[in-house]
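Student: just coords:
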Ligand SMILES: [Zn+2]
């Protein structure tokens, strides 16, 4: 029997972060599109297999500890496409609804992030990714280039992390942070 | 100091990223007598000196690690992935 309440309660997607960047000449906080985020689990030694399918489907692949990866992309609803090409021995979990991406860039990015994480950013080369705590929130950190990082946080903590980043960056954004 | 733990996968991270489960001890056989299981679950030697503990890198790679820590000095002597330890994972 069709659910009579379905029409009345149709789901509407609203981004959790207001899509407005905060910028100054030396730092920028950018909410990224809530596209597709997929967690992949599998044998650590077969990383090439994962690279092959994420390259073919247009995702960016980021490591997250042994045998764990995140595939991220700006386009929504791409889970089925990747899952269909997943080799045996791997598991993919759609996290698009559950995790949100934030970019932070600029010449002061290292100083800002160092206020919140224990990762030694001087040794964290471009292309590396890892989960760490930003304040009290587990955050996946990926270095995209020398002065750009992407953060991946659980959706329910996204506003909290965004507000923390604003406080961490306040001296470079030239805003007060009460 | 045990405030910095050197994860074999993530590098040096603050202890706040980890959760500690306790002593890493070999499990008794499933059919071992109740008294042996009681000792395994509840009784600890509490030594002064090096001690092996399970630490979970909860705010990092989410792997279980075995940290060798000196209980007197808090010096961390070793840190390795628990998955490579048949003696304590059997
Ligand atoms: Zn780790």
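Tutor: Sure, I can see it. For clarity, every value in this text was computed on a predicted model and none was experimentally measured.
Student: Where does chain B get nearest to chain A, residue-wise?
Tutor: Nearest residue of chain B to chain A: residue B:61, at 2.9 Å (Cβ to the nearest Cβ). C-beta here means a position set from N, CA and C on the backbone, and glycine is covered the same way.
Student: which residues touch that residue?
Tutor: Residues near residue B:61 by Cβ atoms under 8 Å, 6 or more residues apart in numbering or on different chains: A:64-66, A:68, A:130-131, B:7, B:9-10.
Student: With residue A:39 instead?
Tutor: Going by Cβ under 8 Å, 6+ apart, residue A:39 touches A:64, A:68-70, A:92-93, A:95.
Student: surely residue A:75 meets residue A:35?
Tutor: Yes: counting by Cβ atoms under 8 Å, residue A:35 is a contact partner of residue A:75 at 5.2 Å.
Student: out of the contacts of residue A:39, who's near chain B?
Tutor: A:64, A:68 (Cβ under 8 Å from any Cβ of the partner chain).
Student: circling back: higher neighbour count, residue A:75 and residue A:35?
Tutor: Ranked by neighbour count (other Cβ atoms under 10 Å in any protein chain shown), residue A:75 and residue A:35 place residue A:35 first, with 15 against 12.
Student: Count the residues that sit near the nearest residue to the more buried one once chain neighbours are set aside.
Tutor: Using Cβ to Cβ, 6 or more residues apart in numbering or on different chains and skipping residues adjacent in sequence, the residue nearest residue A:35 is residue A:74, 4.2 Å away. When counting by other Cβ under 10 Å, one arrives at 14 neighbours for residue A:74.
Student: Ok, residue A:136 next?
Tutor: Using other Cβ under 10 Å: residue A:136 sits among 12 other residues.
Student: and if you look at the one 5 residues further on?
Tutor: For residue A:141, the neighbour count with other Cβ under 10 Å is 23.
Student: host element of it?
Tutor: Taking DSSP states H and E as the definition, residue A:141 sits inside strand A:137-145.
Student: Does that strand reach the ion?
Tutor: No: judged by Cβ under 5 Å from the ion, strand A:137-145 and the ion are separated, with a smallest distance of 11.6 Å.
Student: Please name the residues that touch residue B:54.
Tutor: With Cβ under 8 Å, 6+ apart, residue B:54 has these contacts: B:20-24, B:64-67, B:82.
Student: with those residues in mind, which one is nearest to the ion?
Tutor: residue B:65 (7.2 Å; Cβ to the ion).
Student: Let me see the contact set for residue B:16.
Tutor: Residues near residue B:16 by Cβ under 8 Å, 6+ apart: A:118, A:133, B:59.
Student: Contact partners for the residue in chain A that the ion sits nearest to?
Tutor: Residue nearest to the ion within chain A (Cβ to the ion): residue A:65, separated by 6.1 Å. Shown in contact with residue A:65 (Cβ under 8 Å, 6+ apart): A:130-131, B:9-10, B:57, B:60-63.
Student: For it, what is the enclosing helix or strand?
Tutor: Per DSSP H and E, residue A:65 falls between elements, in no helix or strand.
Student: which non-adjacent residue is nearest it?
Tutor: Counting by Cβ to Cβ, 6+ apart, the residue nearest residue A:65 is residue B:61, at 2.9 Å.
Student: wait, is that neighbour part of a strand?
Tutor: No: with DSSP: H, G, I helix; E, B strand; the rest coil as the criterion, residue B:61 is assigned coil and is not in a strand.
Student: Verify the contact between residue B:50 and residue B:69 for me.
Tutor: Yes: contact criterion Cβ under 8 Å: residue B:50 and residue B:69 qualify, at 7.3 Å.
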